[in-house]
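> How does the following fold in three dimensions:
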Amino acid sequence: MALLTACSGTEELRDPSERTLEYLQSLDKETLQTLDTDSDGLNDWAEMNEHDTNPLEADTDGDGLNDGEEINEYNTDPNTADSDEDGLSDGEEVNSHNTDPNNSDSDDDGLSDGEEINEYRTDPNSADSDGDGINDYDEINEHNSDPNNSDSDGDGFTDSQELDMGTSLNDSSDPAYLKEGALGTVNFAFDKSNIDEEAAKILSENIKKLMDSKKFRVRIDAYTDHVGGDQYNLRLSKRRAEAVTQFYIENGVAESRIESRGLGKAPQPCMDMTDEIGCRKNRRAESHPLNPYQYSPNN
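Take a look at the predicted model:
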């Protein structure tokens, strides 16, 4: 046990567990500077006279950091549990979230660290939590989109792509989009270019989709089977493309939205001979939607 020499003589220094604030106040400066009663890394004199902290309590403000860490390491306020007033204690910021306890908005995105952790569940260390090109603040306060989902409406376009396109970030039907394969293919009888009943049904369905997706144009690619000469089949394929074009126009699709090509014999020989002559699968006109946007959906 250490000894303390006082004016009245020699006295035993009390154990840390037996010390009170009143007792410490009775000691001289030199003695207090040798003591760290609460083992927080600050001597008792400094706690009492410089920092106004409790020399009997290692963590004066109860924030999860001891007073010495706050003063010597993090430069936070040992008397305030939340130095930057962002809704997170200094200990939470340092030990759990790796955020700056002296900066209420560690990633400078416009949302406080507390809002990000407690309210929006976003990353307080990343201004753009979902990596979609829009910072978290703008998603929440300007666009009402999900800062944790790069495609808020699940339509295959990222939120920033939708901003570029001028479409809604929160409406999966905007933009109205036709993927490749969305429009049906029609087939023709041998050496014919007329639209039969079956083909008319398919083209009518295509027209409904085109009318619902008014920004889309369509390209018609028509082919023949491999029976006959190349020049004759090229002319026949063009007649088939024209027949489909006219059907579209007569049923409401503007001519300016259509382009067509007669491409002659289909590029691949028929592998399924179901007709007596030629191959019906090769005698076809495909309708390809032409994307008017600078992006294509990811799904």
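> I figured L35 was touching D44, is that so?
Yes. Using CB atoms under 8 Å, L35 and D44 qualify as a contacting pair, with a distance of 4.4 Å. Just so you know, the C-beta spots here come from the backbone N, C-alpha and C atoms, and that holds for glycine as well.
> so where do the strands sit in the protein?
Counting by DSSP state E, the chain has strands at residues 3-6, 9-12, 186-187, 217-224, 258-265, 284-290.
> would you turn the ones you listed into TSV with distance to D100 and mean pLDDT?
Compiled in TSV, the strands of the chain are given as follows (distance: least, CB to CB, whole Å; pLDDT from 0 to 100):
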stretch	distance to D100	mean pLDDT
strand 3-6	43	43
strand 9-12	46	64
strand 186-187	64	97
strand 217-224	52	98
strand 258-265	58	98
strand 284-290	50	98
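> Out of the ones you listed, which one sits most buried?
Ranked by average neighbour count under the criterion mean count of other CB atoms under 10 Å, the strands of the chain are headed by strand 217-224 at a mean of 22.
> Counting by contacts, list what it packs against.
Contact here means 3 or more CB pairs under 8 Å, 6 or more residues apart in numbering; DSSP states H and E; on that basis strand 217-224 packs against helix 230-250, strand 258-265, strand 284-290.
> Could you tell me the angle between it and strand 284-290?
Calculated by axes from the mean of the first three to the mean of the last three CA atoms, to 10 degrees, strand 217-224 forms an angle of 160 degrees with strand 284-290.
> Strand 217-224 - which strands sit beside it in the sheet, and in what orientation?
In its sheet, strand 217-224 lies beside strand 258-265 (parallel), strand 284-290 (antiparallel), with partners assigned from DSSP bridges.
> who wins for proximity to S17 among these?
strand 284-290 (80.8 Å; CB to CB).
> and the closest one with helix 230-250, angle?
Computed by the same axes, to 10 degrees, the angle between strand 284-290 and helix 230-250 is 50 degrees.
> residues making contact with strand 284-290?
Taking CB atoms under 8 Å, 6 or more residues apart in numbering as the criterion, the residues outside strand 284-290 that touch it are 178-180, 182-188, 203, 206, 210, 213, 216-223, 240-241, 243-244, 259, 266.
> Show me the helices in the stretch 1-150 of the chain, by range?
Under the criterion DSSP state H, counting those that start in this stretch, helices of the stretch 1-150 of the chain are mapped to 21-25, 29-32, 44-46, 67-68, 90-92, 113-114, 136-138.
> Would you reformat those as a markdown table and include mean neighbour count, distance to N291 and mean pLDDT?
Compiled in a markdown table, the helices of the stretch 1-150 of the chain are given as follows (neighbours: other CB atoms under 10 Å; distance: least, CB to CB, whole Å; pLDDT from 0 to 100):
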| stretch | mean neighbour count | distance to N291 | mean pLDDT |
| --- | --- | --- | --- |
| helix 21-25 | 13 | 76 | 96 |
| helix 29-32 | 14 | 77 | 96 |
| helix 44-46 | 21 | 69 | 97 |
| helix 67-68 | 24 | 63 | 97 |
| helix 90-92 | 23 | 48 | 98 |
| helix 113-114 | 24 | 41 | 98 |
| helix 136-138 | 21 | 27 | 98 |
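> Export the ones you listed to JSON lines and append columns for distance to T167.
Formatted as JSON lines, the helices of the stretch 1-150 of the chain follow (distance: least, CB to CB, whole Å):
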{"stretch": "helix 21-25", "distance to T167": "66"}
{"stretch": "helix 29-32", "distance to T167": "69"}
{"stretch": "helix 44-46", "distance to T167": "62"}
{"stretch": "helix 67-68", "distance to T167": "55"}
{"stretch": "helix 90-92", "distance to T167": "39"}
{"stretch": "helix 113-114", "distance to T167": "32"}
{"stretch": "helix 136-138", "distance to T167": "17"}
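> Quick check: which of those is nearest to L13?
Each of the helices of the stretch 1-150 of the chain was scored for nearness to L13 using CB to CB, and the closest is helix 29-32 (7.8 Å).
> Report the contact partners of the nearest residue to N194 once chain neighbours are set aside.
Taking CB to CB, 6 or more residues apart in numbering, and ignoring the residues beside it in sequence, N194 has A243 as its nearest neighbour in space, at 6.5 Å. For A243, the residues meeting the contact criterion (CB under 8 Å, 6+ apart) are S193, N194, I195, A285.
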